[in-house]
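Novice: The sequence and its predicted three-dimensional model are supplied below.
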Amino acid sequence: MKMGIIGCGSIASFHLPAMKKAGFKISALSGRPGGFKTVKNFALKHNVDLCYQDPFELIHSKNWDSLLICCPVKNTVEYIQAAVKYNKPILSEKPVSHDLKKIEPLTKYKNVKVAYNRRFYKNVQIGKTFIDKNGPCLIKVSIPESSYGDKYKIPNLPYNSYVNSVHIFDLVNYLAGVVEWNYVSKIINKNKYLSISAIGKTKNKHTILLDNTF
């Protein structure tokens with residue numbers, strides 16, 4: 001199966017070899033507008049012949065049977081919206097968007113998947129087996145990243161926590177079921193988040209304790 005890839009940054013360097021190993025032929029590449037030099041260098045490094053300056057040119061071409069989108073988050077939704085009508089498999093890097101209203105309309109498409117790879121880690125499978133066999137559990141979740149950044153203009157919220165915690169919430173949903181958060185507490189000092197704590201329940205009566213100390 002031919003795979004087109006949109007995005008030639010650091011995460012694509014992990015995805016591309018993995019896709020080749022899984023049996024895909026990388027048929028075409030594109031990247032962010034104005035970044036064609038990066039795309040060409042990436043293609044040369046990974047022996048890909050066909051490059052597009054505009055991601056939409058790749059999307060509307062006939063040079064892919066499946067599509068991997070691993071570009072900056074701000075562009076992901078528009079590329080999925082353009083590609084989904086071709087009814088071909090699409091794999092997207094997370095979190096797809098920081099706006100839930102933009103994500104919800106995409107959930108109806110069965111040919112779009114999001115790359116939540118941590119579900120498949122060996123220890124996660126062991127944890128799921130334990131939780132499924134042992135009835136209601138108390139699950140404590142910590143998100144300890146502490147690097148601050150303002151890339152997404154979230155007031156002093158730690159950048160790593162904001163970007164990477166989507167993995168953690170997906171794992172909680174996978175292991176225990178969708179959580180209904182009953183209590184949320186934030187500690188803020190001088191407009192800087194110090195911690196976020198929360199307590200939630202799932203339909204299977206698991207209790208989730210979230211401790212996010214920055």
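Specialist: Structure's in. What do you need?
Novice: Which residues lie in contact with residue 13 in this structure?
Specialist: By Cβ atoms under 8 Å, 6 or more residues apart in numbering, no residues touch residue 13. Quick note: C-beta positions are derived from backbone N, CA and C, even for glycine.
Novice: Now do the SS call for it.
Specialist: Three-state call for residue 13 (DSSP: H, G, I helix; E, B strand; the rest coil): helix.
Novice: residue ranges with poor pLDDT in this structure?
Specialist: Within the chain, the stretches with pLDDT under 70 are 144-164, 193, 213-214.
Novice: spatially speaking, which residue is in the middle of it?
Specialist: Central residue of the chain (Cα atoms, centre = their mean): residue 94, 1.4 Å from the mean position.
Novice: Is that one in a helix, a strand, or coil?
Specialist: Here residue 94 is coil, with the state taken from three-state DSSP.
Novice: and it, what does it touch?
Specialist: 114, 115, 116, 166, 167, 170.
Novice: Just the ones of those residues in strands?
Specialist: Using DSSP state E, residue 114 are the members of those that sit in strands.
Novice: how about the helices in the chain?
Specialist: All helices of the chain, identified by DSSP state H, fall at 12-21, 36-46, 55-59, 73-83, 100-103, 122-133, 159-176.
Novice: how about the fifth one: buried residues?
Specialist: Buried residues in helix 100-103, counting neighbours by 16 or more other Cβ atoms under 10 Å, are found at residue 103.
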